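A.B. asks: the following block contains a protein sequence and its predicted model.
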Amino acid sequence: MKVVNLFESHDSKLEVSRRQPHYHKTFLQISEIFGAKKLGFHLSIIEPKNFSYPYHYHTTEEEMFLVLEGEATVRCNGEFGKVVAGDLFYYSTGPESVHNLYNHGDKPLKLLAISYNDPVDDQCFYPDSNKQTSPQGILQNGQVVGYYKDEENPAQFWPADALAGLSPRAVK
């Protein structure tokens, strides 16, 4: 039986997922350690004053997150709410679950991310930049573009109070 303790240090096994300005994130792909096929799960660490990913939604992939350490501001459907250690939150599929999050704190944010893992059928849409995934790559207005195109500085889509961590707690 394999066991991974999320509270132990995994620094030597962490992979850099994104190292862009405003998007510095490392992760430990736990589902690969276990050999999972249909369920994706990983430890995600988002550095202070960084975003998780561009604002997006999936067509088939549901996502759930458990905050292990730190706090963040979540943007979902244009609303902003704070999540803290111990909070579990979920995103369904479709445009009503468009989301991203921002580590407004001074310490790394540690999350356990869990999702249904079927990349064959899933498509992602990025409404802030009018992009979507396709077999050719990321498309914007029919042209293949980089993942971060027009979202290099996602703070432009956020109000100052949300960036400062002043949003109320997310609805329970």
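C.D. replies: Nice, thanks for sending it over.
A.B. asks: report the beta-bridge partners for residue 99.
C.D. replies: Counting by DSSP bridges, residue 99 is bridged to residue 56, residue 76.
A.B. asks: so what's the residue count around residue 41?
C.D. replies: Residues lying near residue 41 (other C-beta atoms under 10 Å) number 20. Any C-beta I mention is one placed from the backbone N, CA and C, and that applies to glycine too.
A.B. asks: go ahead and confirm residue 76 touches residue 98.
C.D. replies: Yes. The criterion here is C-beta atoms under 8 Å, and residue 76 meets it with residue 98 at 7.0 Å.
A.B. asks: give me the distance between the residue sitting nearest the centre point of the chain and residue 1.
C.D. replies: Nearest to the mean C-alpha position of the chain, by C-alpha atoms, centre = their mean, lies residue 52 at 4.2 Å. For residue 52, the distance to residue 1 equals 31 Å [C-beta to C-beta, to the nearest Å].
A.B. asks: please apply the same query to residue 116.
C.D. replies: According to C-beta to C-beta, residue 116 stands 24 Å off from residue 1.
A.B. asks: more neighbours, these two?
C.D. replies: Neighbours per residue, other C-beta under 10 Å: of residue 116 and residue 1, the larger number sits with residue 116, 15 against 3.
A.B. asks: bridge partners for the more buried one, pull those for me.
C.D. replies: residue 39.
A.B. asks: OK, contacts around it?
C.D. replies: By C-beta atoms under 8 Å, 6 or more residues apart in numbering, the residues touching residue 116 are 38, 39, 40, 60, 61, 62.
A.B. asks: where does this protein dip in pLDDT?
C.D. replies: The model of the chain has pLDDT under 70 over residues 11-12, 17-19, 119, 171-172.
A.B. asks: from memory the residue nearest to the centre of the chain sits against residue 101, does it?
C.D. replies: Yes. Taking C-beta under 8 Å as the definition, residue 52 is a contact partner of residue 101 at 4.7 Å.
A.B. asks: so for those two, which residues contact both of them?
C.D. replies: 46, 72.
A.B. asks: now residue 31: which helix or strand?
C.D. replies: When elements are assigned from DSSP states H and E, residue 31 belongs to helix 30-34.
A.B. asks: pull the number of nearby residues for residue 27.
C.D. replies: Counted with other C-beta under 10 Å, residue 27 comes out at 19.
A.B. asks: tell me which stretches of this protein form helices.
C.D. replies: 30-34, 160-163 (DSSP state H).
A.B. asks: adding mean neighbour count and distance to residue 16, write these out as TSV.
C.D. replies: Output for the helices of the chain, formatted as TSV (neighbours: other C-beta atoms under 10 Å; distance: least, C-beta to C-beta, whole Å):
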stretch	mean neighbour count	distance to residue 16
helix 30-34	15	16
helix 160-163	14	24
